[in-house]
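[1] 3D model of this:
(one chain, ligands or ions: 1)
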Amino acid sequence: MKQKNTLFYYIGKYKWKYIAGTIILLVVDILNLYIPQFTGEITDGLQSHSMGMEGVVQGIIKILLVGLILTVGRFCWRYFIFGSARRVEYEIRNDMFAHLETLSMRYFNENKTGELMSYFTNDLNAVRMSIGPAVITTFDAIILTVLVLGKMITHVDLRLTIMAVIPLGIIAGGGIWYGKQAEKRFREKQQAFSDLTDQVQESISGVRVIKAFVQERKEMQAFAKSNKNNKDKNMKVVKLQATVMPLLDVVVGFSSLITLFYGGYLTMTGEISLGRFIAFNQYINMLVWPMIAVGDSITFFSQGRASYKRIQSVFKEEADIFDKVSLEEFMKEQEGKSDLQGEIQFKGLSFAYNKQDKPVLEDINLTVEKGSTLAILGRTGSGKTTLANLLLRMYNTEHNRITIDGIDIREIPLKVLRESIAYVPQDNFLFSDTLGNNIAFGSESDKKEQIEEAAKQACIHDNIMDFPFQYETIVGERGVTLSGGQKQRSSIARALMKEAPILILDDALSAVDTDTEERILKNLKDNRQGKTTIIIAHRISTIQNADQILVLEEGKMAEYGTHDTLLEREGIYADLYRKQQLERQLVAQE
Ligand SMILES: Nc1ncnc2c1ncn2[C@@H]1O[C@H](COP(=O)(O)OP(=O)(O)OP(=O)(O)O)[C@@H](O)[C@H]1O
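    Sure thing, here's the model as predicted:
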């Protein structure tokens, strides 16, 4: 990735297209100059009566021919250069996404979604403008200026040219100052846009909470503030451009005035012909565009630089969770096998999300035999989900603290590790896709029978059959809205479909009624013979049949044993069991 960290790497891949584009542009610019010359020749010919109708027609044909070549040439350079810029944009976007996918949870915890989204849209757009239109504009402006100046000197008069271009020199000095100012203001503008995107994204994702707490007004105020900040930062850019652009016109206007006075004088004294004076005026007008273009280019380059610096910050981020052992090496070590059996060991595992913070888990020691079920119980925030995340290696642990089949999970390729674990996360995220595709999401197979079997085991099949398009029903923003329990069971079906040696249910039965819960647990028992299961739950009914139960208290192993031994201990588990029994009796009496 390091090599790709520079824009030149991408541009270099298309250097021949850039070179071809600029050569064609050069030819176009040179040919462009012949039109005023041909016009001048016709004017002079007509004035001196030395040119007849035939000469005029010939002159017009020459102009038309050049015009035709110009049209084709302009298409070609646009295609080569703008096309390359689009390709570079496409590649950076792909690489950035691929790089993001390698980054660990820590990065996503620390960076806002809106900010990341704006890298892919606004910032990449700015980069494209700086390597496409801005390159062309700059090159075109420089070439055209040099050629026009050349023509002015050779075809008209050196003294008049010098007089006319003196004011244009001011622009070069001003451009440097403007570039610095523009980059600073663009950086602020892009940041404001990121913040605004983030605000919108949070408000839309959290719309249910906002409405339930009647916070629409507060949300609108927060949005208005973000929007105002975005507008203010944009206005700062507009003000800068609005100040600089008219100044360019003033400078060009001075040149035109000088041409009129001094050029007019030279024509009157007969030092230059009227035709050449007219051509000179056209040349001066041809310089107006390069001057404005220089201003625009500086704007684009500054914006592109500011945006590319932001994009680079993503590429500079290094993945801290990666394979230490390649899949091939691992398979060689395991004598051709890449699948895990499912015996898990935690050996003195302690973990803190940040080094300076208090540990979230402390000295966890236990073994989950292959094919057994471990239940984890504990108050909220006691570290249950963290334990599941560490097993999935979403965060790194110290060496040899977690092993599967006796192998340190840090030595297992991520693909093998994560394919061996079917995880039902607490938030039950489903994609905006069909139910069938959601269930088949992590599996190699997308066979209908297997999807239905997984759905049956998760007790969601009957619900799905009631939907208008059954397994083809789209869920999410553009489709049906599933209930919490339906989402949970679809998410369980997705995990079961993987048929992995290890299954983790993170509070995955909290939104289903106790009857359904019982049926799902029975299905798991029947269908996952010989496979390991970890169930995280708050309800004793969910976990009482587990082979071992771990009670976590502030990250420590407070109690560990079977349902019966824990009841005998008369500790946290027994206390919770009695409370939940009492609750059930009260509910039954109501
Ligand atoms: N990404 C994170 N960065 C920093 N701290 C975190 C992070 N995720 C969780 N924590 C902290 O770690 C502790 C344990 O969180 P965890 O999610 O593991 O608890 P839990 O037992 O699963 O809780 P619950 O039953 O509510 O899901 C909490 O104090 C939480 O604030």
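[2] If you count neighbours, what's buried in stretch 116-128?
    Using 16 or more other Cβ atoms under 10 Å as the test for burial, stretch 116-128 gives 116, 118-120, 122-124, 126-128. Heads up, the C-betas are built off the backbone N, CA and C, glycines and all.
[3] Run a quick neighbour tally on the nearest residue to Arg539 once chain neighbours are set aside.
    Distances taken as Cβ to Cβ, 6 or more residues apart in numbering place Gln580 nearest to Arg539, at 6.8 Å, with adjacent residues excluded. By other Cβ atoms under 10 Å, the residues close to Gln580 number 14.
[4] For Gln580, give its distance to Gly67.
    With distances taken as Cβ to Cβ, to the nearest Å, Gln580 is found 87 Å from Gly67.
[5] same thing with Met268?
    Taking Cβ to Cβ, one finds Met268 at 33 Å from Gly67.
[6] what's the burial count for Leu374?
    When counting by other Cβ under 10 Å, one arrives at 24 neighbours for Leu374.
[7] Find the helix or strand that the closest residue to the ligand within the stretch 101-250 of the chain is a member of.
    When scored by Cβ to the nearest ligand atom, the stretch 101-250 of the chain has Asn109 as its residue closest to the ligand, at 4.6 Å. Using DSSP states H and E, Asn109 maps to helix 105-110.
[8] Following the chain past that helix, name the next helix or strand.
    Helix 105-110 is succeeded, C-terminally, by helix 113-118 (DSSP H and E).
[9] How about residues contacting that next one?
    100, 190, 193-202, 314 (Cβ atoms under 8 Å, 6 or more residues apart in numbering).
[10] Are any of those buried, and if so which?
    By 16+ other Cβ under 10 Å, these give 100, 190, 193-199, 201-202, 314 as buried.
[11] Is Ile534 in a helix, a strand, or coil?
    Counting by DSSP: H, G, I helix; E, B strand; the rest coil, the backbone at Ile534 sits in strand.
[12] backbone phi and psi for Ser48, please?
    phi -90, psi 10 (degrees, to the nearest 10).
[13] and it, what pLDDT?
    Predicted confidence (pLDDT) for Ser48: 82.
[14] how much space between it and the ligand?
    86 Å (Cβ to the nearest ligand atom, to the nearest Å).
[15] go on, Ile81?
    45 Å.
[16] May I ask you to confirm that that residue is in contact with Thr137?
    No. Using Cβ atoms under 8 Å, Ile81 is not in contact with Thr137, being 10.2 Å away.
[17] Residue ranges of each domain in the protein, please.
    3-197+228-316, 343-420+500-590, 429-499 (automatic domain parsing).
[18] roughly how far is the shortest one from the heart of the chain?
    So that's domain 429-499. Chain-centre distance of domain 429-499: 27 Å, with Cα atoms, centre = their mean, to the nearest Å.
[19] Any regions of the stretch 401-550 of the chain where pLDDT drops low?
    Counting by pLDDT under 70, the stretch 401-550 of the chain contains low-confidence ranges at 477-480.
[20] Equivalent analysis for the stretch 101-250 of the chain, please.
    Short version for the stretch 101-250 of the chain, where the test is pLDDT under 70: 172.
[21] Now with 80, please.
    140, 167-176, 179, 208, 212-213, 245, 248-249 (pLDDT under 80).
[22] Could you look up the SS state of Ser302?
    Going by three-state DSSP: Ser302 is helix.
[23] For the residue in the stretch 451-590 of the chain that the ligand sits nearest to, the count of nearby residues, please.
    Nearest residue of the stretch 451-590 of the chain to the ligand (Cβ to the nearest ligand atom) works out as Asp507 at 6.0 Å. For Asp507, the neighbour count with other Cβ under 10 Å is 23.
[24] so who does the closest residue to it other than its chain neighbours touch?
    With sequence-adjacent residues excluded and distances taken as Cβ to Cβ, 6+ apart, Asp507 is closest to Gln426, at 5.0 Å. Neighbour list for Gln426: 385, 506-508 [criterion: Cβ under 8 Å, 6+ apart].
[25] so which of the residues you listed is the most crowded?
    Ala508 (26 neighbours).
[26] wait, isn't that residue in contact with Tyr423?
    No. Ala508 is not in contact with Tyr423 according to Cβ under 8 Å; the separation is 9.3 Å.
[27] Out of the contacts of Gln426, name the ones that lie in helices.
    Assignment to helices by DSSP state H places the following of the contacts of Gln426 there: Thr385.
[28] would you list the contacts of Gln426 in a markdown table and tack on distance to Tyr353?
    Shown next, in a markdown table, are the contacts of Gln426 (distance: Cβ to Cβ, whole Å):
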| residue | distance to Tyr353 |
| --- | --- |
| Thr385 | 12 |
| Asp506 | 17 |
| Asp507 | 19 |
| Ala508 | 23 |
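[29] so of the contacts of Gln426, which ones are in strands?
    Asp506 (DSSP state E).
[30] of the contacts of Gln426, closest to Lys231?
    Thr385 (40.8 Å; Cβ to Cβ).
[31] OK, contacts around that closest one?
    Counting by Cβ under 8 Å, 6+ apart, Thr385 makes contact with 426, 506-507, 536.
[32] let's see 6 Å
    With contact set as Cβ atoms under 6 Å, 6 or more residues apart in numbering, Thr385 has these partners: Asp506.
[33] While we're on it, how confident is the model there?
    pLDDT at Thr385 comes out at 93.
[34] Does Ala454 touch Ala493 like I think?
    Yes. If you go by Cβ atoms under 6 Å, Ala454 and Ala493 touch, sitting 4.4 Å apart.
[35] Could you tell me which residues touch both of those two?
    With Cβ under 6 Å, 6+ apart, Ala454 and Ala493 have common neighbours Ile439.
[36] what about stretch 270-279, start to end distance?
    End-to-end distance of stretch 270-279 (Cα to Cα, to the nearest Å): 15 Å.
[37] what's in contact with it?
    Contacts to stretch 270-279, defined as Cβ under 6 Å, 6+ apart, come from residues 36, 40, 43-44, 156-157, 263, 266-267.
[38] Go through those and flag which are in helices.
    Using DSSP H, these in helices are 36, 40, 43-44, 266-267.
[39] and which of the residues you listed is nearest the ligand?
    For those, the nearest to the ligand is Pro36 (67.5 Å; Cβ to the nearest ligand atom).
[40] Let me know how buried Gly270 is, in neighbour terms.
    Residues near Gly270, counting by other Cβ under 10 Å, number 8.
[41] Confirm it sits in a strand?
    No. Counting by three-state DSSP, Gly270 falls outside a strand, being coil.
[42] near the ligand, which residues of the stretch 401-550 of the chain show up?
    Proximity of the stretch 401-550 of the chain to the ligand is confined to Gln426 under the rule Cβ under 6 Å from any ligand atom.
[43] which residues of the stretch 401-550 of the chain fall in strands?
    Taking DSSP state E, counting those that start in this stretch to define them, one finds strands in the stretch 401-550 of the chain at 402-404, 407-408, 421-424, 502-506, 532-536, 548-553.
[44] Nearest approach to Lys62 belongs to which of those strands?
    Across the strands of the stretch 401-550 of the chain, closest to Lys62 is strand 421-424 (Cβ to Cβ), at 74.4 Å.
[45] Which strands border that closest one, and is each parallel or antiparallel?
    strand 502-506 (parallel) (DSSP bridges).
[46] distance of Arg494 from Leu417?
    From Arg494 to Leu417 the distance is 18 Å (Cβ to Cβ).
[47] Please say which of those two ends up with more neighbours.
    Ranked by neighbour count (other Cβ under 10 Å), Arg494 and Leu417 place Arg494 first, with 27 against 21.
[48] residues in contact with that one?
    Here Arg494 is in contact with 439, 441 (Cβ under 6 Å, 6+ apart).
[49] and what of the one 4 residues further on?
    With contact taken as Cβ under 6 Å, 6+ apart, Lys498 is in contact with 422, 442-443.
[50] filter those to the buried ones?
    So, by 16+ other Cβ under 10 Å, the buried ones in those are 422, 443.
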